[in-house]
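Colleague: Kindly return the folded structure for what I paste below:
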Amino acid sequence: MKNNLQRTFEYLAPKNGSQDTNKMQLLFVLSWFHSMIQERRKFIPQGWTKYYEFSYGDLKAGDLILSDILKEGNGRSIAW
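Modeller: Here you go, the predicted structure:
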């Protein structure tokens, strides 16, 4: 799980080291979710009825949605 999380976060995180704390926190949560689903796929016979490939395309779509949400907030902290 740890290696998967690190690899996923490095894939998503901006290379220049963004100063936007909200975005970095959201990217970490998205990376954690992606890693958890990837690891959970190993246990499909033990509770999951269908195989679903949660790929980097899905991860990138989540990143784009988060970026749109942050743009709507105009840099303000967004209250969930």
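Colleague: Longest helix of the protein, counting residues only.
Modeller: Longest helix in the chain, counting residues (DSSP state H): helix 21-40.
Colleague: Check this protein and tell me which residue is nearest its centre.
Modeller: When C-alpha atoms, centre = their mean is applied to the chain, the residue found nearest the centroid is Leu30 (2.1 Å).
Colleague: Now that residue. Nearest residue, chain neighbours left out?
Modeller: Gly62 (5.0 Å; C-beta to C-beta, 6 or more residues apart in numbering). From N, CA and C alone the C-beta is placed, and that goes for glycine too.
Colleague: Touching the helix or strand encompassing the one you found from outside, list them.
Modeller: In the assignment (DSSP states H and E), Gly62 maps to helix 56-72. Under the contact criterion C-beta atoms under 8 Å, 6 or more residues apart in numbering, helix 56-72 has outside partners 8, 11-12, 20, 22-23, 26-27, 30-31, 33-34, 78.
Colleague: Contact partners for Ser31?
Modeller: Leu5, Thr8, Phe9, Leu12, Leu59.
Colleague: Isn't the fourth one up against Trp32?
Modeller: So the one you mean is Leu12. No - with contact defined as C-beta atoms under 8 Å, Leu12 does not count as touching Trp32 (11.0 Å).
Colleague: Compare those two and say which is more crowded by neighbours.
Modeller: Neighbours per residue, other C-beta atoms under 10 Å: of Leu12 and Trp32, the larger number sits with Leu12, 20 against 15.
Colleague: Could you report the neighbour count for the spatially closest residue to Phe54 that is not a sequence neighbour?
Modeller: Among residues not flanking Phe54 along the chain, Ile37 sits closest, at 4.4 Å (C-beta to C-beta, 6+ apart). Neighbour count of Ile37, defined by other C-beta under 10 Å: 15.
Colleague: cool, and Asp20?
Modeller: When neighbours are counted by other C-beta under 10 Å, Asp20 registers 12.
Colleague: Quick one: low-confidence residue ranges for this protein.
Modeller: Scanning the chain for pLDDT under 70 picks out 16-18, 44-52, 74-80.
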